[in-house]
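1. Following is a predicted model, sequence given first.
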Amino acid sequence: MTGSLYTRRNTPFSLFEVNILETGEQQLLEISQEMGVGLNLQEMKSVQEYFRKRKRNPTDVELQTIGQTWSEHCFHKTFKGKIKFNGKEIDSLFKTYIAKATEEINPSWCFSVFEDNAGIIRFDKDYGIAVKVETHNHPSAIEPFGGAATGVGGVIRDVLGVWADPIACTDILGFGPLDYDYEKLPSGVKHPKYVYMGVVAGIGSYGNNMGIPTVNGAIYFDESYVGNVVVYCGCIGLLPLKKFKRKAKPSDIIVLAGGKTGRDGIHGVTFASAELTEKSEEISRPAVQIANPIEEEKLKRAIIEIRDSELASSITDLGGGGLSSALGETAKRFGCGAVVELEKIPLKHRGLAPWEIYVSESQERMLLTVSPENLELVFEIFKKEDVEATVIGKYTDDTVLRLHYKDEKVAELDIPFLFEPPKTVRTAEYKPMNFAEPEFLEPENLTKTLMQLLSSPNIASKESVIRTYDHEVKGNTVLKPLHGEYGGPNDAAIIKPLDGSWKGIAVSCGMNPNYGKIDVYWMAASAIDEAIRNNVAVGGRRIALLDNFTWGNPEKPERLGSLVRACEACYDFATAFKTPFISGKDSLYNESPLGPVTPTLLITALGIVPDIRSAVSMDVKAPNNLIYMVGQTFKELGGSEYYKLKGFLGKTVPKVQPNQARKTFKAITEAIDLGLVKACHDLSEGGLAVAAAEMTFAGGWGMEFDLRKVPRENVDRNDFVLFSESNSRFLVEVSEKARQDFEALMNGKVCAEIGRVTKTLRLCVHGLNGEVVVDASVGDLLASWKRPLSRGI
Amino acid sequence: MKREDIKVCVLRVGGTNCDAETKRSLEELSVQAEIVHVNELAKRRSLMEYNALVFPGGFSYGDYVRAGAIWAKWILAKLGKELKAFVEENRPILGICNGFQVLVEAGLLPGFEEISSYPEAALATNFPPGYNCRWVYIKHENNGKCIFTRKIPKEKVLRMPVAHSEGRFMFAKEKEKQCLERLYENDQLVFRYCDKNGEYGDGRFPANPNGSFHDIVGICNLEGTIFGLMPHPERSFYWWQQPDWTRQERMPQYGDGKLIFESLINYLEKKS
């Protein structure tokens, strides 16, 4: 470090004062970089101004605290900042689009949204569901196993951090192609296969060890994920709403519980708020934390008991930014100050400087506030569960954060200042892509094309991954990710969280990164539609959404422009479908030497199934049942798996017509409630043909249908009808007995009977001129779908 | 003894995670079930308060070293005497998944000569390797010794899910044949992996999900009162837990796992 900028204080431990009062711009930036705090010039100047008023230099602890609190990861500068776009100024993407949609819909069943690390909605009159989906891309790129495992651990703590008992996990992953050429791999980038194996093992290890079923997920392969792996980890929890406590007051004791604090996970948030480079491994390896799921399992037990005995006044988890973020945010929320003695914090090893203790992101730690009279009982519970807990300080009635280390005051900061960083002003640009629609002849052998599609990585069975996750622990998984004997891909999972009730929670997701290469607006719309229709297909309704953005560097105007467009779609379609956002998370700066990540929006949907006994799975049930196509098919193959297979991207991405879609969804829900639906499957990647194939091999029967009967608009080729990915469509199986009722219900909606389930184990499709265009044995379809990612890749 | 008076202890430690659903299954059959942390048992309570003991599934102590090894040693060190008395009185002990691993590591199973001071068998890492969560078919092989399966006709095929990465039952290679003979002689073999039609898995995946020797799913001790198995009866207790219940026109009220808990309770009811 440059000597003149830092003065070591005369203490028996490492503590520096940073001389910023008289420093120039260049040196301010130098300090920011040398200390790894990730503050830009504007922010450094505002720090300088703050300390000039106080006529003293900051300590390293103070500067680090500010750096953590103001990082993109903790403060979401991009989503909260100002953006100049198309001649207008957007004041906070979050408020303008995401939160606004929820405000306008204003559902009575939202209990607490965008308040804590997890959103809470009502389940029934006594219970709430807490949910959060987290991104853990950067750490997983550096250390796939640890990065993914701590991603799961972190999101579980988010849910525990609102007093909810975690009952299910989800994981949605994006990798580079597994056969990626090693020669093309730049230095510092790990091979997709290595990343894939590590991430999958990491997720399984944490969820399985914690005893939380991983019930829903998806895996997506894309070239842009080679340098930027995408790891979304979700967690759903259940809490008795009466036990939700969030009322800390001055004089409450601050208790740190769980794992010890070490040097793992230093500057995780700063690292997550920067691009990945060749040097990331070397510089940022310490930023990845070390996972210990059993520690968290014990912690969970203790916390649930403390919740049920109502012994604590508030709780929060330690995640990004460690103590600095957890303490600061809680103090701010309750309008108090805090005084903390850092030397009391149990350490993994000696020699940590005070600032390291304060910002360490070591895992499996939670922060509770307890009134003095309950302290003894709380410690008894921790002890019983073999969990270490320590009093580290207390809340005060001013708004100042004071940190001590061995009788030395190492930090004194005004909390309001900490939470008012200078507003970021960024510029965004958006230019629509101008691609051409490809021209090629309809393949002669569409059966072969269908087989190839079933084997394409984004469609092929993910069974080899899903079975390494325990999806049944707790014994409440009513609809499993893999259905029945042949492991058919259910559209959503259903869990039945309460013993005395038939009510269930349907969990589904939607993600269409390939559409975003053409138009991010319609990509976002499609993801919302997909998440909702997956949920509707199994019987879910009253749907709540979560948004997770993985984008490139928002300081580059065109990246930010596409982010704005996606947010616009989020608002437009959440309001159109009346499905509020209840939580979300963004991960920006996903850029590597190979370039930026392709914009990837994950939408997670949570629906209610009033009675799980009427839930519907996707497998065909019995020969001679009728097959209906619900929803209109357009010539929308831009970004489709079919075009991709042919080596094209295309132009016309699937759009969403919310008015029509809402009617369709409502009708499907009614038909399910009336018991008219034997099977229902959503049409997504690979369109009609893939959905039909999946239904046959999952159910162990054949199917025959006629493309001439498929409701469509300007689609005049067999391949386009078979493989178009138009949104808001379903294949529905109905028994002959229910025909009249179903047709009456569908009156006025786009719906047509297109064929039947057959006893012959073949999928047979009649083309637009009546000839057979697809004829395949169900066994071959299943083999094509299962083989590519089977065990031992 | 009256059903309502039966008290079952579902034991747990850090990393145990199938305790709640195990308790639920027992309670559904109207017995008293209590989840007890081993710390509690070592300090304040006694095993002898209970009529039966269950070691549920999970990852006790993270399954570091070998699955179940640490917890087994802990139990022997802290509760050894009580456990011995419990076993000597023939009070039933059930080990599910991690619980089975604990029973083997503690020398309670197979227990050819009462409690063994070292493990006589092992639940090794799966072959094919890795964690695997799937439904399997198991065939009942016991002739009546095992009190946990007395309600199940011999050769009946049941369906239950497995979820583990260390479930390959094996004996020391050189004693393999001899040990197997003893299992048969003593009627200690309880379930073997098979396919839908009852054909034995013959070591082959997926019918045999972990490469278990002789397709062994679970075994009991000499007295038939200690029983361990890898699959999860508590996850196949209700009809709606089955992987394809949506296919069935009329659902049975319960899944096959219930038979195991019921057999246990019937036995306790008959016991004076």
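-> Good, I have the coordinates.
2. got a list of what residue 40 touches?
-> Looking at chain A here, since you left the chain open. When contacts are counted by C-beta atoms under 8 Å, 6 or more residues apart in numbering or on different chains, residue A:40 touches A:29, A:32. (C-beta placed from N, C-alpha, C; glycine too.)
3. you looked at the wrong chain, it should be chain B
-> residue A:384.
4. I'd like the next helix or strand past the helix or strand hosting residue A:523.
-> Here residue A:523 sits within helix A:520-538, counting by DSSP states H and E. Using DSSP H and E, the next helix or strand after helix A:520-538 towards the C-terminus is strand A:541-550.
5. Show me what from chain B comes close to chain A.
-> Along chain B, the residues adjacent to chain A under the rule C-beta under 8 Å from any C-beta of the partner chain are B:14-18, B:20-21, B:24, B:37, B:39-40, B:57-59, B:61-62, B:128, B:130-134, B:161, B:163, B:232, B:234-235, B:237-238, B:240-241, B:243-244, B:246-247.
6. Nearest spatial neighbour of the residue in chain B that chain A sits nearest to, chain-adjacent residues omitted?
-> Nearest residue of chain B to chain A (C-beta to the nearest C-beta) works out as residue B:17 at 2.3 Å. Once flanking residues are discounted, residue B:17 sits nearest to residue A:211: 2.3 Å by C-beta to C-beta, 6 or more residues apart in numbering or on different chains.
7. show me what contacts the closest residue to chain B within chain A?
-> In chain A, the residue found nearest to chain B is residue A:211; the distance is 2.3 Å by C-beta to the nearest C-beta. Residues in contact with residue A:211, defined by C-beta under 8 Å, 6+ apart, are A:297, A:470, A:473, A:474, B:16, B:17, B:18, B:58, B:59.
8. Columns neighbour count, secondary structure and pLDDT on top of those, output as JSON lines?
-> Compiled in JSON lines, these are given as follows (neighbours: other C-beta atoms under 10 Å in any protein chain shown; DSSP: H, G, I helix; E, B strand; the rest coil; pLDDT from 0 to 100):
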{"residue": "A:297", "neighbour count": "25", "secondary structure": "helix", "pLDDT": "95"}
{"residue": "A:470", "neighbour count": "30", "secondary structure": "coil", "pLDDT": "96"}
{"residue": "A:473", "neighbour count": "29", "secondary structure": "coil", "pLDDT": "96"}
{"residue": "A:474", "neighbour count": "24", "secondary structure": "coil", "pLDDT": "96"}
{"residue": "B:16", "neighbour count": "29", "secondary structure": "strand", "pLDDT": "96"}
{"residue": "B:17", "neighbour count": "26", "secondary structure": "coil", "pLDDT": "95"}
{"residue": "B:18", "neighbour count": "28", "secondary structure": "coil", "pLDDT": "97"}
{"residue": "B:58", "neighbour count": "30", "secondary structure": "strand", "pLDDT": "96"}
{"residue": "B:59", "neighbour count": "26", "secondary structure": "coil", "pLDDT": "95"}
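9. residue contacts, the nearest residue to residue A:591 once chain neighbours are set aside?
-> Closest residue in space to residue A:591, ignoring its immediate chain neighbours: residue A:275 at 4.1 Å, by C-beta to C-beta, 6+ apart. Shown in contact with residue A:275 (C-beta under 8 Å, 6+ apart): A:553, A:589, A:590, A:591, A:592.
10. Neighbour-wise, give me the winner out of these.
-> Counting neighbours by other C-beta atoms under 10 Å in any protein chain shown, residue A:590 leads the contacts of residue A:275 with 30 neighbours.
11. My read is that that one contacts residue A:550, right?
-> Yes - with contact defined as C-beta atoms under 8 Å, residue A:590 reaches residue A:550; the gap is 5.5 Å.
12. Next, show the common contact partners of those two.
-> Jointly contacting residue A:590 and residue A:550 under the rule C-beta under 8 Å, 6+ apart are A:137, A:228, A:230, A:597.
13. my read: the last one touches residue A:551, true?
-> Yes - at 7.0 Å, residue A:597 and residue A:551 qualify as touching, with contact defined as C-beta under 8 Å.
14. Quick check: residue A:413 is in a strand.
-> Yes - the assignment for residue A:413 by DSSP: H, G, I helix; E, B strand; the rest coil puts it in a strand.
15. Was I right to think it contacts residue A:69?
-> No - the criterion here is C-beta under 8 Å, and residue A:413 misses it with residue A:69 at 9.3 Å.
16. Contact partners for residue 25?
-> Just so you know, I chose chain A. By C-beta under 8 Å, 6+ apart, the residues touching residue A:25 are A:41, A:45.
17. nope, chain B please
-> B:233, B:234, B:237, B:257, B:258, B:261 are the contacts of residue B:25 under C-beta under 8 Å, 6+ apart.
18. Can you give me the neighbour number for the first one?
-> Right, the one you point to is residue B:233. A count of neighbours around residue B:233, defined by other C-beta under 10 Å, yields 25.
19. pLDDT wise, what is it at?
-> Residue B:233 is assigned a predicted lDDT (pLDDT) of 98.
20. Surely it and residue B:262 touch.
-> No - using C-beta under 8 Å, residue B:233 is not in contact with residue B:262; the gap is 10.0 Å.
21. Spatially nearest residue to residue A:237 (excluding sequence neighbours)?
-> Spatial nearest neighbour of residue A:237, chain neighbours left out: residue A:164 (2.9 Å); criterion: C-beta to C-beta, 6+ apart.
22. oh sorry, the question was meant for residue A:291
-> Distances taken as C-beta to C-beta, 6+ apart place residue A:149 nearest to residue A:291, at 3.8 Å, with adjacent residues excluded.
23. From residue A:220, how far out is that neighbour?
-> Look at residue A:149 and residue A:220: by C-beta to C-beta, to the nearest Å, they are 20 Å apart.
24. Just confirm residue A:382 contacts residue A:256, I think it does.
-> No - look at residue A:382 against residue A:256 with C-beta under 8 Å: they stay out of range, at 10.7 Å.
25. tell me, what's touching the two both at once?
-> residue A:389.
26. Give me the more crowded residue out of residue A:149 and residue A:220.
-> Remark: of residue A:149 and residue A:220, residue A:149 carries more neighbours, 32 against 20, as counted by other C-beta under 10 Å.
27. Alpha carbons of the helix or strand where that one lies, as CSV, please.
-> Residue A:149 is part of helix A:144-160, with elements assigned from DSSP H and E. Coordinates of the C-alpha atoms in helix A:144-160 are reproduced here as CSV (Å, rounded to 0.1, in the frame of the first residue of the first chain):
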residue,chain,number,x,y,z
PRO,A,144,-18.4,-24.0,-8.8
PHE,A,145,-19.1,-26.3,-5.8
GLY,A,146,-18.6,-23.7,-3.1
GLY,A,147,-20.3,-21.0,-5.0
ALA,A,148,-23.4,-22.9,-5.7
ALA,A,149,-23.5,-24.5,-2.2
THR,A,150,-23.3,-21.2,-0.5
GLY,A,151,-25.9,-19.8,-2.9
VAL,A,152,-28.3,-22.4,-1.5
GLY,A,153,-27.2,-21.7,2.1
GLY,A,154,-27.6,-18.0,1.6
VAL,A,155,-31.1,-18.2,0.2
ILE,A,156,-32.2,-20.5,3.0
ARG,A,157,-31.0,-18.0,5.5
ASP,A,158,-32.9,-15.3,3.6
VAL,A,159,-36.0,-17.3,4.4
LEU,A,160,-35.0,-18.0,8.0
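28. Residue A:400 pairs with what?
-> Per DSSP bridges, the residues bridged to residue A:400 are residue A:414.
29. give me the low-pLDDT residue ranges for the stretch 51-200 of chain A?
-> In the prediction, the stretch 51-200 of chain A carries no residues with pLDDT under 70.
30. now the helices for it?
-> Secondary structure of the stretch 51-200 of chain A (DSSP state H, counting those that start in this stretch): helices at A:60-69, A:72-75, A:77-80, A:93, A:99-105, A:137-142, A:144-160, A:192-210.
31. Good, wrapping up.
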